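Participant: Fold the following and give me the result.
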Amino acid sequence: MTEEKKPIKLPMCGCLDIDGKEYESKDFDWSDKKFYCFPTPMFFHVPLKIGRDIDRAFVGARAKGYALKENGMLLQKDGLFSGKIMLELETADSNRENVCTMHHEMKVISVFTDRPWNKIYEATRRLKELVASRGGKLKAVYFWYLSCPGCIKERGYRTVVFGEH
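Facilitator: Down below sits the predicted model:
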């Protein structure tokens, strides 16, 4: 397994300054990793109100007293009509409300894309092919957007796509 590098936050928006290319075709062990999970509506894999739901997730996690992991991942779990916003937690009791604990022995692989969000399916297809080339099947897809809408003009679209296999 590869070691995750410690990212830094950009001064204006809080986006993490990570070289997404370092995540291309990398394996990670997410066993027992904990997240604060908040539902978000989707329409054929397209998030409908993701900005609003990210804000609500942060407010909800803080209101419940959860300790968010410093420079942790903010993920969007893909779904046909319903997805999840997932904020990485430092620690949390798995039995607490809205805490999702990844199952023991959970393995993910990642790819990086700098394509616009409406072209993200290309990265998802690459991820599916990568998992299949290793004899596996893609079980779930998670997006880690490294550029917020305010950063796109300067930094471009940057997304790490993780696949559970």
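Participant: For the rest of this, base every contact and every neighbour count on C-alpha atoms.
Facilitator: Fine.
Participant: The residue lying farthest from the centre of the chain is in what secondary structure piece?
Facilitator: Residue farthest from the centre of the chain, counting by C-alpha atoms, centre = their mean, is G135 at 23.6 Å. Secondary structure assigned from DSSP states H and E places G135 in neither a helix nor a strand.
Participant: Please report how far it lies from L16.
Facilitator: Separation of G135 from L16 (C-alpha to C-alpha, to the nearest Å): 33 Å.
Participant: number of nearby residues for C100?
Facilitator: For C100, the count of nearby residues is 22 (other C-alpha atoms under 10 Å).
Participant: Just say helix, strand or coil for it.
Facilitator: strand (DSSP: H, G, I helix; E, B strand; the rest coil).
Participant: is it true that it touches F35?
Facilitator: Yes: counting by C-alpha atoms under 8 Å, C100 touches F35, with 5.3 Å between them.
Participant: which residues does the residue most central in space within the chain contact?
Facilitator: By C-alpha atoms, centre = their mean, the chain has its centre lying nearest to L75, at 2.4 Å. By C-alpha atoms under 8 Å, 6 or more residues apart in numbering, the residues touching L75 are K84, I85, M86, L87, Y142, F143, W144, Y145.
Participant: Need those residues in TSV (columns: distance to D27).
Facilitator: As requested, the contacts of L75 are arranged in TSV below (distance: C-alpha to C-alpha, whole Å):
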residue	distance to D27
K84	22
I85	22
M86	20
L87	20
Y142	14
F143	15
W144	15
Y145	18
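Participant: quick one: which of those residues sit in helices?
Facilitator: Among the contacts of L75, DSSP state H puts none in helices.
Participant: where's the dip in pLDDT among the residues you listed?
Facilitator: In terms of pLDDT, the lowest of the contacts of L75 is Y145, showing 90.
Participant: returning to that earlier point: how much space is there between the residue nearest to the centre of the chain and R52?
Facilitator: 14 Å.
Participant: Going by residue numbers, what spans are helices in the protein?
Facilitator: Under DSSP H, the chain gives helices at 50-63, 121-133, 152-155.
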